[in-house]
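Novice: when you get a sec, could you give me coordinates for this:
(one chain, ligands or ions: 1)
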Amino acid sequence: MLNNKGRVTRPQESTENLAEPQESYSGHKGLLMNEPLLFEVGGLDKTGVDLPEYVETETLLGGLERKDEIGLPGLSEPEAVRHYVRLSQQNYAIDSGFYPLGSCTMKHNPRLNEKMARLPGFTDIHPLQPQSSVQGALQLMDELSHWLLELTGMDSIALSPKAGAHGELCGMMAIKAALEAANSSRNIVLVPESAHGTNPATAAQLGFKVASIPADADGTVRASAVQTAIEENGAETIAGIMLTNPNTCGLFEREIKAIADAVHDAGGYFYCDGANFNAIMGRVRPGDLGVDAMHFNLHKTFSTPHGGGGPGSGPVVLSERLSAFAPLPFLQKSDDGLTLVEDLDDGESDSPSDAQPFGRLTAFHGQMGMYVRALSYILSHGLDGLAQASGDAVLNANYIRTCLKDLLNQPFGDQACMHEVLFDESSLADSGVTTLDIAKRLIDEGFHPMTIYFPLVCKGAMLIEPTESESQTSIDLFVETLTSLIKEALAGENEEAFHQAPVHTPRRRLDETAAARKPILRYESSSD
Ligand SMILES: *Cc1c(COP(=O)(O)O)cnc(C)c1O
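Specialist: Model (predicted):
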């Protein structure tokens with residue numbers, strides 16, 4: 001039975017003698033509107049603005065000017081406003097409810113950070129302004145750099161990458177540049193099989209060959225497995241390893257130092273995927289573990305609204321061995337203040353003589369708004385607060401694990417996890433209900449589902465990450481809801497309801513195979 005903690009109690013609502021809900025005439029479901037496309041709402045023959053009379057002028061387009069109607073829908077202002085407000089109401093967000101999406105770290109974004117990021121001194125400046133006029137912004141970047149280096153025990157930093165995957169590319173390009181500078185032909189990158197897909201993709205994109213390392217029965221990588229892979233491929237071929245810690249199964253790689261030693265002894269570099277840094281920040285410094293390059297996902301670890309493709313920010317910290325190869329631009333301090341070194345050949349900078357930047361990754365300097373949010377998060381927490389945030393993230397994940405472990409199977413055994421807990425669907429095997437069905441029923445219950453079918457190392461993965469910012473009340477309601485669904489499935493009740501879900505959403509279950517195989521990528525109006 002569910003208890004009433006946190007449950008919505010409805011004002012006296014009579015459910016007796018009520019028939020099944022009927023399809024509505026309008027297509028809307030109560031006050032949840034079924035929103036058509038802008039092209040279906042608007043008409044080509046109307047407009048919401050008064051434009052001045054068109055005056056014929058001489059064209060400079062040499063016959064390339066458009067002959068037909070542009071085909072953009074015209075809407076009045078209230079129609080346009082309603083369209084976007086309704087769409088926004090269909091959007092699930094961390095501000096509307098629990099978002100336990102493993103691997104993504106959907107944590108509360110403190111309003112303080114937003115307030116700071118909106119200060120005119122940050123929003124009203126331009127990347128091409130003279131640097132003497134943006135010293136405050138440069139100082140913020142410098143202070144953020146200082147914190148990120150301090151938290152990781154690393155030597156230098158590249159702030160500019162704009163996502164985790166972009167940071168991976170940056171770190172691996174620094175490794176590639178270091179190998180090229182040493183005239184090395186090392187071309188094999190070791191990647192554990194539980195890795196996020198961006199790891200092997202990054203290595204392959206840079207022309208490295210990927211050699212996969214199996215995980216042990218406990219879900220982590222053994223140093224002996226790394227040693228075996230090094231011997232099988234030949235130590236002289238090893239460019240490096242890409243290891244995520246804590247890994248994508250939510251487990252701490254306990255042999256990380258021995259793994260670093262094995263790779264270094266072979267002459268390779270150690271790239272650490274730091275997307276899960278939120279589990280260890282303020283407690284472990286990756287530099288002390290032998291890491292040569294690591295990206296942060298500022299948008300995961302240090303808050304910032306994210307999802308739907310952005311915004312992201314993936315600064316990379318580098319060890320002393322790789323510092324010289326850090327990309328442009330980088331910050332440099334002098335008596336005149338801070339300089340963002342944009343070009344080594346411009347004759348203006350007196351850059352460190354050993355700097356051999358591999359190039360640059362972004363047109364300007366990266367995501368300023370995210371630097372402001374990350375530094376606000378860091379300063380408002382302090383070092384002790386950051387350590388508490390990572391501790392609370394781990395505590396919350398283990399609370400969920402403990403509540404659910406008798407109902408769901410942990411693929412790598414009954415062991416404590418870090419910031420996220422991984423279950424598979426094996427305990428549901430005889431019920432006819434799958435991970436997908438559970439996720440869809442959760443949507444009907446008002447929860448964004450956990451991450452499903454990732455990582456690929458187990459069957460029907462459910463990866464749950466509560467983060468530090470959820471209250472026990474909201475976690476309890478999620479756990480109780482999931483518990484009742486699993487018990488329902490195990491009891492063989494309502495199997496059809498599982499396959500039908502979701503039923504309370506604007507759209508029902510989609511044909512994902514058709515969507516992937518036969519995507520409709522172009523809107524065609526019914527009048528065409
Ligand atoms: C999120 C994530 C990435 C990729 O980060 P993006 O910012 O989405 O590009 C890489 N590795 C791991 C382990 C992640 O969780």
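
Novice: what helix or strand is whatever residue of the stretch 201-350 of the chain ends up closest to the ligand on?
Specialist: When distances are taken as Cβ to the nearest ligand atom, the stretch 201-350 of the chain reaches nearest to the ligand at Ala275, 3.2 Å away. Backbone N, C-alpha and C define where each C-beta goes, glycine included. Here Ala275 is covered by no helix or strand, with elements defined by DSSP states H and E.

Novice: give the contact list for it.
Specialist: Listed by Cβ atoms under 8 Å, 6 or more residues apart in numbering, the contact set of Ala275 reads 103, 105, 164, 196, 244, 295, 297, 300.

Novice: from those residues, pick the one nearest Ile464.
Specialist: For Ile464, the nearest member of the contacts of Ala275 is Ser103. The distance, counting by Cβ to Cβ, is 10.3 Å.

Novice: the closest one contacts Thr451, correct?
Specialist: Yes. Counting by Cβ atoms under 8 Å, Ser103 sits close enough to Thr451 to count as a contact (5.4 Å).

Novice: which residues do the two both contact?
Specialist: Where contact means Cβ under 8 Å, 6+ apart, the residues bridging Ser103 and Thr451 through contact with each are 463, 465.

Novice: bridged to His463, which residues?
Specialist: Heads up, residue 463 is Leu, not His. Leu422, Thr451 (DSSP bridges).

Novice: what is the burial count for it?
Specialist: The local packing count at Leu463 equals 23, with neighbours defined by other Cβ atoms under 10 Å.

Novice: test my guess that it contacts Leu456.
Specialist: No. Using Cβ under 8 Å, Leu463 makes no contact with Leu456, being 11.1 Å away.

Novice: okay, His381: pLDDT?
Specialist: Note on His381: pLDDT of 97.

Novice: can you count the residues close to Pro329?
Specialist: Going by other Cβ under 10 Å, the residues that sit close to Pro329 add up to 22.

Novice: correction: Phe423
Specialist: With other Cβ under 10 Å as criterion, Phe423 counts 27.

Novice: hmm, it is touching Pro455, no?
Specialist: No. With contact taken as Cβ under 8 Å, Phe423 and Pro455 are classed as non-touching, separated by 11.9 Å.

Novice: overlap in contacts, the two.
Specialist: With contacts taken as Cβ under 8 Å, 6+ apart, the residues that reach both Phe423 and Pro455 are Ala461.

Novice: residue in the stretch 51-200 of the chain nearest to the ligand?
Specialist: Relative to the ligand, the nearest point of the stretch 51-200 of the chain is Gly164 (2.3 Å; Cβ to the nearest ligand atom).

Novice: setting aside sequence neighbours, what's the nearest residue to that residue?
Specialist: Nearest residue to Gly164, sequence neighbours excluded (Cβ to Cβ, 6 or more residues apart in numbering): Asn297, at 4.3 Å.

Novice: and that neighbour, backbone torsions?
Specialist: phi -100, psi 90 (degrees, to the nearest 10).

Novice: wait, doesn't it sit right on Gly312?
Specialist: Yes. With contacts counted by Cβ under 8 Å, Asn297 reaches Gly312, the gap being 6.9 Å.

Novice: who's more crowded, the two?
Specialist: Between Asn297 and Gly312, Asn297 has the larger neighbour count (other Cβ under 10 Å), namely 25 against 21.

Novice: pLDDT score assigned to Asp68?
Specialist: 88.

Novice: ok, longest strand in this protein?
Specialist: Of all the segments assigned as strand in the chain under DSSP state E, the longest by residue count is strand 238-244.

Novice: any chance you could give me it in PDB, C-alpha atoms only?
Specialist: Presented in PDB, the C-alpha positions along strand 238-244 are these (Å, rounded to 0.1, in the frame of the first residue of the first chain):
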ATOM      1  CA  ILE A 238      49.000   2.100 -26.800                       C
ATOM      2  CA  ALA A 239      48.100   5.800 -27.100                       C
ATOM      3  CA  GLY A 240      46.000   5.700 -24.000                       C
ATOM      4  CA  ILE A 241      42.900   4.700 -22.200                       C
ATOM      5  CA  MET A 242      39.500   6.400 -21.800                       C
ATOM      6  CA  LEU A 243      38.000   5.500 -18.500                       C
ATOM      7  CA  THR A 244      34.900   6.900 -16.700                       C
END
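
Novice: who does the very next helix or strand once past it touch, helix- and strand-wise?
Specialist: Downstream of strand 238-244, the next assigned helix or strand under DSSP H and E is helix 256-265. Of the remaining helices and strands, those touching helix 256-265 by 3 or more Cβ pairs under 8 Å, 6 or more residues apart in numbering; DSSP states H and E are helix 223-233, strand 238-244, strand 269-273.

Novice: can these go into a markdown table with extra columns for distance to Gly97 and mean neighbour count?
Specialist: What follows is those, written out as a markdown table (distance: least, Cβ to Cβ, whole Å; neighbours: other Cβ atoms under 10 Å):
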| stretch | distance to Gly97 | mean neighbour count |
| --- | --- | --- |
| helix 223-233 | 41 | 17 |
| strand 238-244 | 28 | 27 |
| strand 269-273 | 29 | 28 |
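
Novice: right, so of these, which gets closest to Thr47?
Specialist: Ranking these by distance to Thr47, with Cβ to Cβ as the measure, places strand 269-273 first at 49.9 Å.

Novice: helices or strands next to the closest one in the packing?
Specialist: helix 164-181, strand 238-244, helix 256-265, strand 293-295.

Novice: so that strand, near the ligand or not?
Specialist: Yes. Contact check for strand 269-273 against the ligand, using Cβ under 6 Å from any ligand atom: residues in range are Asp273.

Novice: mean confidence score for that strand?
Specialist: For strand 269-273, the per-residue pLDDT averages 98.

Novice: do stretch 437-452 as well
Specialist: The average of the pLDDT scores along stretch 437-452 is 97.

Novice: measure it end to end?
Specialist: Taking Cα to Cα, to the nearest Å, the span from the opening residue of stretch 437-452 to its closing residue is 11 Å.

Novice: what do you get for stretch 320-328?
Specialist: Stretch 320-328 has an end-to-end distance of 17 Å (criterion: Cα to Cα).

Novice: ok, and what's touching it?
Specialist: Under the criterion Cβ under 8 Å, 6+ apart, residues 155-158, 160, 170, 173-175, 177-178, 181, 269, 292-293, 318, 341-344, 352, 354-361 lie in contact with stretch 320-328.

Novice: cool, stretch 22-31 as well?
Specialist: Under the contact criterion Cβ under 8 Å, 6+ apart, stretch 22-31 has outside partners 34, 504, 506.

Novice: hang on, Ile259 packs against Glu253?
Specialist: Yes. The criterion here is Cβ under 8 Å, and Ile259 meets it with Glu253 at 7.1 Å.

Novice: what do those two both touch?
Specialist: With Cβ under 8 Å, 6+ apart applied, the overlap between the contact sets of Ile259 and Glu253 consists of 221, 243.

Novice: what parts of the protein come near the ligand?
Specialist: Within the chain, the positions lying close to the ligand (Cβ under 6 Å from any ligand atom) are 103, 163-165, 196, 198, 244, 248, 273, 275, 297, 312, 314.
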